[in-house]
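Enquirer: below are the sequence and a predicted model; questions follow.
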Amino acid sequence: MNKKIKFFQSINFKIALVFILLLLVTVEIIGAYFVKSLEQQNIDTFKTSINLDPYLQDKLATDLMRTDTDDANGSMKSTISQADIANTATIVVVDAKGTVRANSNVNAQGDVGTKSANNNIKNVLYNGQIFEGYEYASNTGSMYTRIIPIKNPSATGEGNAVIGAVSVTASMETVYHNINQIVRIFLIASLVAGMLGVIISIVISRAITRPIEEMKKQAIRMARGDYSGQVRIYGQDELGQLAVAVNNLSVRVEEAQEASEAERRRLDSVLAHMTDGVIATDRRGNVIIINETALDFLNTKNEDVIGVSILRLLNIEKDYTLRDLLENQKELLLDFSQQLNHELILRVDFSLIQRETGFISGLVAVLHDVTEQQKDERERREFVSNVSHELRTPLTSMRSYIEALSDGAWQDPEIAPQFLKVTQDETDRMIRMINDLLSLSRMDSGTSKIELEYVNLNEFFNYILDRFDMMLKTDNEQAGKDNNQSLPAHATHKQYSIRREITKRDLWVEIDQDKFMQVIDNIMNNAIKYSPDGGVISARLLETHNHVILSISDQGLGIPRQDINKVFDRFYRVDKARSRQQGGTGLGLAISKEVIEALGGRIWVDSQEGKGSTFYISLPYQPLDEDGGDWDEA
């Protein structure tokens, strides 16, 4: 744009050239007309100056008619010598027979009395007409000849009218010399005028092109984004008005650019801080704008998606076309979980970018992350389904036993107590389920009260395990007395042992004793339920830098790899039939997770199918000083 223009290509040179050519053409036309007119005028003046006076012609006619030839020749010589042109021209008098009678040239007196060989004189003597002619010779130059017939003044007939002729010959060198001098002066003046015209044309063209050059420079600066300069105004003519318009345009463009830049920054800020993803396309459906949120959603980079079709970007090209999106801007629910290796569900809302004329110039897609909403909705449906199923099973069982009792089984002393016990057990299981659901509801709503206190965790853990050792001993003794007697579901005809690996150091941790005991009871009960006969349950407690890690391992069924992330979901069971048979509600681990997270800890499981499971609990821990820290003496 700012390429330097050569002088011969510039408008400055072109304007000057137009002026110079116009000046040259004008001078040439005027000069040609002037020279031609001057030449004609000088020739006419010259011709007039060499005319022979009429009275001399009459006297020569009288002398030609005299019979005395010698006297007549002398008289004619005297007569032509009296002519005004005798000094500048050669005058020759010829009689009707063509004999030279007088000659003003002293060097040509020998021609007197001889016949003239000039054919022009003969023609004049013959036809009686005046002759004018020009001749050029290398020794004499340009010569003008005028031959005038001399007629008898007293003759009346045409036949004897011409009695002789007078030839006047004069050199025209002085005439042409004067003309050449004038032409030379004119050429010099024309050259001087031409040079002055060139200078003046350059000055004028420069005066015209200087404002244009400044306006060009200002336009280049404006194109680069620099609006600080102003075009100098040299006058109030059209160029001055154009300069004012360019300055006003610069101010308006700067204001518009600033407004556009501010709007762009606001738009960029809005797009950058939106929690929803935004994608804008051109009218062909290719991406032209995408914000950071959308890039994060799609796990891609800006340079990888600009210019890519939105159908391909959203992976919907097999199901939809661009025309479908333009004609029907319905929302779409897209699942990217398989593509991104993590759960992500997006709701995409489309809208048109449309001008006032109705022309569609693009499409805007807004991406909403509805993963949690969909997950909550799915969990709600599953929760309602699970609760309905979990309540329907014991209620159906109770209804069957009650109907059997109503039909007369209550009178059977052996069957009636068993039916009543089953009904009581199912009632207790529903009560436990309702209590667990209420506990989870209170934890979800934040109304569950946590009673925190510092507890020596190794002693507390041993205390809980001692309870299970005592339950094991009692159950085994009861089983030995009567194998047919109904025992607790988790201990019927099963032998197991508890192995402890607990640090000897006192670990004081801030917990809620009742709720933490509920967590350990849930995990231990599951370990007992799913451990094989003769299995070993390993309980460990160790200290790390800022945490204490508690783990409980069993040798039971294990958990399939694809289900490990679901064990803490509500109503989840690895073996649903066996769990219900043993009285489980499917909410124990869900409650345990809520309790541990409320205590600031973390719970997870490591399992291998067929080889047992290990549940880990991590709690925050800060070692106390040896002197007891800030504890008050009782």
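Expert: All right, it came through fine.
Enquirer: which residues are in contact with Trp544?
Expert: Check again: residue 544 is Thr, not Trp. Counting by Cβ atoms under 8 Å, 6 or more residues apart in numbering, Thr544 touches Tyr621. In short, each C-beta sits where N, CA and C put it, glycine included.
Enquirer: how much space separates it from Leu24?
Expert: 104 Å (Cβ to Cβ, to the nearest Å).
Enquirer: cool, Pro413 as well?
Expert: Distance from Pro413 to Leu24, by Cβ to Cβ: 145 Å.
Enquirer: and these two? Which one has more around it.
Expert: Leu24 (15 against 7; other Cβ atoms under 10 Å).
Enquirer: what does stretch 368-379 rub up against?
Expert: With Cβ under 8 Å, 6+ apart as the criterion, stretch 368-379 contacts 275-277, 297, 333, 343-349, 569-570.
Enquirer: just the CA atoms of it, as PDB, please.
Expert: The C-alpha coordinates for stretch 368-379 follow below in PDB (Å, rounded to 0.1, in the frame of the first residue of the first chain):
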ATOM      1  CA  HIS A 368     -24.900 -26.200  28.800                       C
ATOM      2  CA  ASP A 369     -23.200 -28.800  31.000                       C
ATOM      3  CA  VAL A 370     -26.200 -30.800  32.300                       C
ATOM      4  CA  THR A 371     -24.100 -33.700  33.400                       C
ATOM      5  CA  GLU A 372     -25.000 -33.200  37.100                       C
ATOM      6  CA  GLN A 373     -28.600 -32.500  36.300                       C
ATOM      7  CA  GLN A 374     -28.900 -35.700  34.200                       C
ATOM      8  CA  LYS A 375     -27.000 -37.600  36.900                       C
ATOM      9  CA  ASP A 376     -29.300 -36.300  39.600                       C
ATOM     10  CA  GLU A 377     -32.300 -37.000  37.500                       C
ATOM     11  CA  ARG A 378     -31.000 -40.500  36.800                       C
ATOM     12  CA  GLU A 379     -30.200 -41.100  40.500                       C
END
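Enquirer: quick check on the residue of the chain most remote from its centre: phi, psi?
Expert: Distance to the chain centre peaks in the chain at Asp68, reaching 119.8 Å (criterion: Cα atoms, centre = their mean). Asp68 adopts backbone torsions of phi -80, psi 100, taken as degrees, to the nearest 10.
Enquirer: mind pulling up the pLDDT for it?
Expert: Looking at Asp68, its pLDDT is 81.
Enquirer: name the nearest residue to Gly307, sequence neighbours excluded.
Expert: In space, and not counting its chain neighbours, Gly307 is closest to Asn286: 5.3 Å by Cβ to Cβ, 6 or more residues apart in numbering.
Enquirer: any idea how far that neighbour is from Lys504?
Expert: Taken as Cβ to Cβ, the span from Asn286 to Lys504 is 69 Å.
Enquirer: these two: who's more crowded?
Expert: Asn286 (18 against 5).
Enquirer: where does the stretch 401-550 of the chain have low pLDDT?
Expert: 436, 440, 443-448, 475-494 (pLDDT under 70).
Enquirer: mind doing that once more with 80?
Expert: Along the stretch 401-550 of the chain, segments meeting pLDDT under 80 span 401, 405, 407-415, 419, 421-422, 425-426, 428-430, 432-450, 471-496.
Enquirer: same check on the stretch 51-200 of the chain?
Expert: If you take pLDDT under 80 as the line, the stretch 51-200 of the chain has these spans: 51-53, 67, 82-88, 106-108, 111, 117, 136-141, 152-161.
Enquirer: in what helix or strand does the residue nearest the centre of the chain lie?
Expert: For the chain, Ile288 is the residue whose C-alpha lies nearest the centre (Cα atoms, centre = their mean; 8.6 Å). For Ile288, the element it lies in under DSSP states H and E is strand 287-290.
Enquirer: what residues sit buried inside that strand?
Expert: 287, 289-290 (16 or more other Cβ atoms under 10 Å).
Enquirer: continuing past that strand, what's the next helix or strand?
Expert: helix 292-298.
Enquirer: just the helices in the stretch 351-500 of the chain please.
Expert: Here the stretch 351-500 of the chain has its helices, by DSSP state H, counting those that start in this stretch, at 371-406, 415-445, 457-481.
Enquirer: could the ones you listed go into TSV alongside distance to Gly128 and mean neighbour count?
Expert: Formatted as TSV, the helices of the stretch 351-500 of the chain follow (distance: least, Cβ to Cβ, whole Å; neighbours: other Cβ atoms under 10 Å):
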stretch	distance to Gly128	mean neighbour count
helix 371-406	133	14
helix 415-445	149	15
helix 457-481	164	15
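Enquirer: Serialize the ones you listed to CSV and add fields for distance to Asp58.
Expert: CSV is the format used below for the helices of the stretch 351-500 of the chain (distance: least, Cβ to Cβ, whole Å):
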stretch, distance to Asp58
helix 371-406, 139
helix 415-445, 155
helix 457-481, 169
